[in-house]
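J.: this one's sequence-less:
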């Protein structure tokens, strides 16, 4: 028996051949059939979900003026003869605000050492005794100097690794030095750290609170699942994670708004094959630990994960089944009165319903490579992002754009690789993406394209990341057609600010 | 639009009139389906002769589905490309407006204003000395971050086994 053919990447309209497009009245750029209706979008991110009859009437210029449908389409800048160009320009600037600012996120790999041996580790870490893989004080100083050359008003320094607390003196130095430099630079400086908490102690805890370092850890779900993914020879990783999450949460409950904003800890879920069976249990664990939401991220085949893909990897379809089940459960919890969000959906919804930039550099056009994020390896090498740095650790240094001791920020931005990555990830330059209804919300990753398809541009009809995001946006728009789910989504976003009317 | 199926070779063949469908439309439809077939296009008189060689299934229903998908995508490409070209001028106008208005807002700081005072410079020297001293102390501790040597391999602890 023949298997059913998979749907085309661009789902079309069966009646396309008989539609007589009325160009003067249509201002939508793309369409797609989603859940039995036709989704249309324009380039600033307005969307409408139409029945097939209304879709055809719209394309043929037969929507009656001043009908409810016409008013909706006109308010969303989808009627070409009634466009407010000043409003559209303002909306474009707000939606693509990242185009008007320099890189705000700077990832500091203070060490490649780690005391965990996680099944999926992306970071190509080394053992805890390899002290030669620590960033030196001098390199840290030059990296901070490099960061302050970046003309962005907002600067976020994120300490990563390896496990950053294993090179604690350099974390302390870079924090103090950046704060000191900022006394005169006067930027909006935020410092954060991603830690597995295994070497956390009172001294580090106090320093983190005193210096307002935002903290994030890894939590892969209930204890058996977490400890299966995150192998730690010093004891159960989950116990330490829970202990210090609680300590940081307690610190955040002190009646002081500033404290709460800085110290409310976050946690990241990494999805392996073992995770896929437990969507509800994982959400329940996050709720039990008082976390406000989780981020269901697909595993990328980089680093150890690439080598162990046969054991821990999975297909896009398997991940999407997991994601649907998880999102359904999250919506169910919200409807029963437990506020809790899923961050991948929240990022998409911020773009779709508020048409603002959610500050997520992995889903932009052009991509955030060097333009939104830079990564500084322990040896001072500058990369277009953390995945680019990980690729280098695996032997492919293509995305290195400089060194903190010999390169200026301007040199790194002008580097041919930075420009090539931007050109390759501009969706208008991609034959499939340029016609895709999700173009206003999506973005490419040239590092993954190079890793998986040996090309910065990639090949979207066979690209798994493309399939993943097509699936994710399909799920979101299906849910948006359901008033109950839509109400939950709206509650995550909060009230609309001025200028985001008519989603 | 009719197509012919050859289940033996796994091919779908069709003739597309040049005056109705440009080569760009054919390329667009073929690109969308590159996960399912390899497309060969040959100009012959007033038509493009298209052969789709399936890279998935070769059964008759699968080849019919491929032929239907190609024809449907060809029609959709005609619509998609019209939509994109009709809106290109509008978006270029909007983007130009947005970019021009943004150029009036430089966000960079004056480098001279960021120069450090003598006191700050002294403070930095002190921070460096403190960090270096702390690193030196930690490095002297036996075993570094792994005092029990639990991450060492069998060979590191006991030496390599002699060849028999």
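T.: All right, it came through fine. All values reported here derive from a predicted model rather than from experimental measurement.
J.: show me the contacts for residue 67.
T.: Going with chain A. Applying C-beta atoms under 8 Å, 6 or more residues apart in numbering or on different chains, one finds that residue A:67 lies in contact with no residue. Heads up, the C-betas are built off the backbone N, CA and C, glycines and all.
J.: right idea, wrong chain: chain B
T.: Residue B:67 touches B:3, B:5, B:12, B:14, B:52, counting by C-beta under 8 Å, 6+ apart.
J.: and the stretch 151-300 of chain A, which of its residues are near chain B?
T.: By C-beta under 8 Å from any C-beta of the partner chain, the part of the stretch 151-300 of chain A that sits against chain B consists of A:151-153, A:166, A:168-170, A:172-173, A:176-177, A:180-181, A:183-187, A:199, A:233-234.
J.: of the residues you listed, grab the buried ones for ChimeraX.
T.: Here is the ChimeraX command that selects the buried residues among these (16 or more other C-beta atoms under 10 Å in any protein chain shown):
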select /A:151,152,166,168,169,170,172,173,176,177,180,181,185,187,199
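J.: next up, the contacts around residue A:119.
T.: By C-beta under 8 Å, 6+ apart, the residues touching residue A:119 are A:228-231, A:272, A:304-305, A:308, A:311-312.
J.: so can I have a markdown table of those residues showing secondary structure, pLDDT and neighbour count?
T.: As requested, the contacts of residue A:119 are exported to a markdown table (DSSP: H, G, I helix; E, B strand; the rest coil; pLDDT from 0 to 100; neighbours: other C-beta atoms under 10 Å in any protein chain shown):
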| residue | secondary structure | pLDDT | neighbour count |
| --- | --- | --- | --- |
| A:228 | helix | 92 | 16 |
| A:229 | helix | 90 | 24 |
| A:230 | coil | 92 | 23 |
| A:231 | coil | 89 | 12 |
| A:272 | coil | 93 | 20 |
| A:304 | helix | 72 | 18 |
| A:305 | helix | 78 | 21 |
| A:308 | coil | 84 | 16 |
| A:311 | helix | 88 | 12 |
| A:312 | helix | 91 | 21 |
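J.: which one of the residues you listed sits closest to chain B?
T.: Taking C-beta to the nearest C-beta as the measure, chain B lies nearest residue A:231 of the contacts of residue A:119, at 11.5 Å.
J.: thinking the closest one is in contact with residue A:115, fair?
T.: No - counting by C-beta atoms under 8 Å, residue A:231 sits too far from residue A:115 to count as a contact (10.2 Å).
J.: what touches both of the two?
T.: Shared contacts of residue A:231 and residue A:115, counting by C-beta under 8 Å, 6+ apart, come down to nothing at all.
J.: check whether residue B:12 sits in a helix, strand or coil.
T.: Classification of residue B:12 by DSSP: H, G, I helix; E, B strand; the rest coil places it in strand.
J.: pull the distance from stretch A:414-433 to the chain's centre.
T.: Its chain's average C-alpha position is 19 Å from that of stretch A:414-433, according to C-alpha atoms, centre = their mean, to the nearest Å.
J.: kindly check the end-to-end length of it for me.
T.: Between the opening and closing residues of stretch A:414-433 we find a distance of 26 Å, counting by C-alpha to C-alpha, to the nearest Å.
J.: please apply the same query to stretch A:348-364.
T.: Between where stretch A:348-364 begins and where it ends, there is a gap of 11 Å, by C-alpha to C-alpha.
J.: again, but for stretch A:434-443
T.: Taking C-alpha to C-alpha, stretch A:434-443 runs 11 Å from one end to the other.
J.: list the contacts of the residue nearest to residue A:163 when sequence neighbours are not counted.
T.: Once its chain neighbours are removed from consideration, residue A:163 has its nearest residue in residue A:114; the separation is 4.5 Å (C-beta to C-beta, 6 or more residues apart in numbering or on different chains). Each residue near residue A:114 by C-beta under 8 Å, 6+ apart is listed here: A:121, A:123, A:125-128, A:161-163, A:166, A:196.
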